[in-house]
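**Q** curious how this folds, go ahead:
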Amino acid sequence: MFPVALAFTLLAASAQDLLSSGQKAFEAGDFARAESLFRQHLKAHPASAEALSNLAAIHSRRGEFSEAVTLYQKALKANPSLTPIHFNLAVAHLRAGNYPQALAGFRTFLKSHPKETRARELLGIALVETGELKQAITELETVLRDAPSQASAVFSLAYAHARAGDAEKGAALLRRLDSHPGQARLIEGLIEFRRERYEEAKSLFETSLKSDPANAAAWAALGRLYLFRNQDEPAIHHLQQALKLSPHNAEVCYQLGALYDRTGRTAQAKSLLERSLQLRARNPGPHYALAKIDLRESRPAAAIPRLESAAKFAPEADAIQLLLGRAYQAAGQPEKAKAAFAEVRRLQQSRLKQQQEALENQLVLGPER
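**A** Numbering: from 1, shown residues only. Next comes the predicted model:
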């Protein structure tokens, strides 16, 4: 974390002892004493950005990210010129799973500190989490140009390439980092999954977990593999473990919620799907899954805005348009239903045309080598 909490110059003599003593206690890991000293200072100086930021850092170290976010925001309000606080605030958002807010914080910080490599790397990680893979790759490549041996950036970039469908680039990056076997096996497994080599992927994910049993991403990867194979119970088990380790992972909330619904646990499904949307509102999947529940429970009026949102975020998904048409029908809106079904036909015809063109090109040019 950027050392804002420990870098302020000491204030006036009356406040100096409390702040400096609190900072020394913080450095020594005595958070209880540090918190007491900072709170004493705040009683006399409630708008002290230094004390507020220090107190926020304590909450962040304890994993109390919502409290940390609130205090960092108060510190910035008290003194907007303390731009390094934007970094600490963004880190708290990132660790809490508030990825859009983290993006905004890192970008604001980088305007004032454009050469801070760690901030740029964390911006790239946040972009991966929000699915903005092209931007993530750009940021992480910039980091590696400046710090080519930064292991965490290599892993993040390899993961971003694998997520974006370029397995070869991901594999090439990983060959540089066999000194981190758990993470390397995880990314290799993701690459094998992209290549549809599922047994190899499963073995690599399991090896990753043996190396690091607390790796939430490896638990989630195995859960997704079982989900892909329609093995619901092992998928649920692994995704539950992932969620325990990473409770603010929007994608895991969505996948586990969809599985709960598929296995008849509808109340739990709704809770997780709503939670997923709180973490990442622009994900079409939870909107679609919740709309399916609404329609099944004869609530087309509730399903329609969910599906309209899903269609906005995934305009090429004909399954969303098809369900939207059915929702309009059930709600007594025949003209809108007709338009939605027409869009389904257009999307399907467009996809068929693209497939035919790809086949014709392959026949003319021969298979790629």
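
**Q** use CA for all of it now, contacts and neighbours both
**A** OK.

**Q** what sits against residue 243?
**A** Residue 243 sits next to 216, 249, 252, 253 when contact means Cα atoms under 8 Å, 6 or more residues apart in numbering.

**Q** what are the buried residues along the one helix or strand it maps to?
**A** Using DSSP states H and E, residue 243 sits in helix 232-245. By neighbour count on 16 or more other Cα atoms under 10 Å, the buried set for helix 232-245 is 232, 234, 235, 236, 237, 238, 239, 240, 241, 242, 243, 245.

**Q** doesn't residue 259 make contact with the first one?
**A** What that stands for is residue 232. Yes. With contact defined as Cα atoms under 8 Å, residue 232 and residue 259 form a contacting pair (6.8 Å).

**Q** tell me the pLDDT at the most centrally placed residue in the chain?
**A** The chain has residue 129 as the residue nearest its centroid, 3.0 Å off, counting by Cα atoms, centre = their mean. Looking at residue 129, its pLDDT stands at 81.

**Q** find the nearest non-adjacent residue to it, please.
**A** residue 99 (7.0 Å; Cα to Cα, 6 or more residues apart in numbering).

**Q** got the contact list for that neighbour?
**A** By Cα under 8 Å, 6+ apart, the contact list for residue 99 reads 93, 126, 127, 129, 130, 279, 280.

**Q** name the nearest residue to the first one, ignoring sequence neighbours.
**A** Read that as residue 93. Excluding its sequence neighbours, the residue lying closest to residue 93 (Cα to Cα, 6+ apart) is residue 102, at 5.0 Å.

**Q** what are the buried residues along the longest helix along the chain?
**A** Longest helix of the chain, by residue count under DSSP state H: helix 334-365. By neighbour count with 16+ other Cα under 10 Å, helix 334-365 contains the buried residues 336, 337, 340, 341, 343, 344, 347.

**Q** do the same with stretch 257-265
**A** Applying 16+ other Cα under 10 Å to stretch 257-265 flags 257, 258, 259, 260, 261 as buried.

**Q** which of the contacts of residue 99 sit farthest apart?
**A** 127 and 279 (13.9 Å; Cα to Cα).

**Q** mind listing what's buried along stretch 73-82?
**A** In stretch 73-82, counting by 16+ other Cα under 10 Å, buried: 73, 74, 75, 76, 78, 82.

**Q** just checking, the last one touches residue 76?
**A** Yes. Using Cα under 8 Å, residue 82 and residue 76 qualify as a contacting pair, with a distance of 6.7 Å.

**Q** ok, residues contacting stretch 206-217?
**A** By Cα under 8 Å, 6+ apart, the residues outside stretch 206-217 that reach it are 181-186, 218-219, 222, 241-243, 245-246.

**Q** now the buried members of the residues you listed.
**A** Buried members of the contacts of stretch 206-217, scored by 16+ other Cα under 10 Å, are 182-186, 218-219, 222, 241-243, 245-246.

**Q** make CSV from those residues and add pLDDT and distance to residue 275 to it.
**A** As requested, those are exported to CSV (pLDDT from 0 to 100; distance: Cα to Cα, whole Å):
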residue, pLDDT, distance to residue 275
182, 76, 29
183, 74, 28
184, 76, 30
185, 82, 30
186, 83, 26
218, 91, 22
219, 94, 20
222, 95, 22
241, 96, 17
242, 93, 15
243, 92, 12
245, 90, 16
246, 85, 13
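
**Q** tell me which two in those residues are the farthest apart.
**A** It's 184 and 243 that sit farthest apart of those, by Cα to Cα, at 21.5 Å.

**Q** one step back: which member of the contacts of stretch 206-217 is positioned nearest residue 290?
**A** Distances from residue 290 to the contacts of stretch 206-217, taken by Cα to Cα, are shortest for residue 243, at 19.6 Å.

**Q** still on that earlier bit, any idea how far residue 43 is from the residue nearest to the centre of the chain?
**A** Distance, residue 129 to residue 43, using Cα to Cα, to the nearest Å: 39 Å.

**Q** okay, now the unreliable bits of the stretch 151-300 of the chain?
**A** 176-180 (pLDDT under 70).

**Q** what segments of the stretch 1-150 of the chain are helices?
**A** Along the stretch 1-150 of the chain, the segments classed as helices by DSSP state H, counting those that start in this stretch run 13-27, 31-44, 49-61, 65-78, 84-96, 99-112, 117-129, 133-146.

**Q** ah, wrong one, I meant the stretch 201-350 of the chain
**A** 216-228, 232-245, 250-262, 266-279, 284-296, 300-313, 318-330, 334-365.
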